[in-house]
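K.L.:
please work out how this folds:
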Amino acid sequence: MTAEPPPGQNPYGSAPPPPPPGAYPPPGGYGAPQGAPLPPGVPAPLAEWWERLVARIIDSVIFGVVYLILSIALGVASGSFLTGFIASLIAYGAYAAYDYVLHSKDGQTIGKKIMKIQLVALGGGPLDSSVVMRRSAVYPGVFVLYGIPLVGLLASLFALATGVFILVDKPLQQGLHDKVAGTVVVKAPR
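P.N.:
Model prediction:
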């Protein structure tokens with residue numbers, strides 16, 4: 001009498017046949033993991049670059065409106081450097097505060113909530129206020145300098161570099177602000 005193989009094991013000792021052309025393998029596949037493996041220290045699948053971009057655009061539109069209202073209220077149309085700088089300082093300071101407060105609450109800004117992505121600490125630990133403060137100070141906080149000629153140009157180039165880092169940094173897809181803070185952006189639990 002022969003012993004029966006454990007459940008799920010082929011009783012004939014050979015590999016199961018491949019699925020027919022065009023068919024999906026059964027759940028769990030044939031020994032292959034489902035989806036790409038997570039990089040070390042990442043608690044969930046990483047957000048796609050375009051999800052992060054759309055979330056940032058949504059958040060930027062919100063503060064574009066704030067900046068427009070401040071510009072009109074302060075008379076930036078008059079062309080005064082000082083009023084433009086003050087409007088920029090207030091608007092981008094408010095944007096950095098918005099970024100800090102909402103990320104501190106649950107790791108999501110309005111844009112991230114809409115896109116169903118979330119900021120988390122690398123390693124899966126909790127986001128503490130110092131981590132979120134560093135991230136928000138580096139980006140979007142750098143835009144507080146936007147109203148200063150030449151320095152504003154450097155701030156824009158820094159923002160561009162941050163976006164490029166998200167595209168080319170492997171395997172964590174961290175922007176410069178994420179690297180400084182030790183954070184990653186992942187898909188939010190559904």
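
K.L.:
so who does Lys179 touch?
P.N.:
Lys179 makes contacts with Phe165, Asp169, as judged by CB atoms under 8 Å, 6 or more residues apart in numbering. C-beta coordinates here come from the backbone N, C-alpha and C atoms, glycine included.

K.L.:
got the confidence number for it?
P.N.:
Looking at Lys179, its pLDDT is 95.

K.L.:
what segments of this structure are strands?
P.N.:
117-121, 183-187 (DSSP state E).

K.L.:
can I get those strands in TSV including mean pLDDT, distance to Gly175 and mean neighbour count?
P.N.:
Shown next, in TSV, are the strands of the chain (pLDDT from 0 to 100; distance: least, CB to CB, whole Å; neighbours: other CB atoms under 10 Å):
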stretch	mean pLDDT	distance to Gly175	mean neighbour count
strand 117-121	96	11	22
strand 183-187	96	9	22
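
K.L.:
could I get those as CSV with distance to Leu82?
P.N.:
Output for the strands of the chain, formatted as CSV (distance: least, CB to CB, whole Å):
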stretch, distance to Leu82
strand 117-121, 35
strand 183-187, 36
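
K.L.:
between the ones you listed, which one is closest to Gly93.
P.N.:
strand 117-121 (20.1 Å; CB to CB).

K.L.:
just the pLDDT for the closest residue to Val144 other than its chain neighbours.
P.N.:
Closest residue to Val144 apart from its sequence neighbours, by CB to CB, 6 or more residues apart in numbering: Tyr92 at 4.6 Å. pLDDT, Tyr92: 84.

K.L.:
might one say that Tyr92 is in contact with Tyr146?
P.N.:
Yes - Tyr92 is within contact range of Tyr146, at 6.0 Å (criterion: CB atoms under 8 Å).

K.L.:
any idea which of the strands of the chain gets closest to Ser156?
P.N.:
That would be strand 183-187 among these, by CB to CB, at 21.7 Å.

K.L.:
show me where pLDDT drops low in this structure?
P.N.:
Within the chain, the stretches with pLDDT under 70 are 1-36, 75-79.

K.L.:
now the closest residue to Asp128 other than its chain neighbours: how far from Arg134?
P.N.:
Using CB to CB, 6+ apart and skipping residues adjacent in sequence, the residue nearest Asp128 is Ala121, 7.8 Å away. Note on Ala121: its distance to Arg134, by CB to CB, to the nearest Å, is 11 Å.
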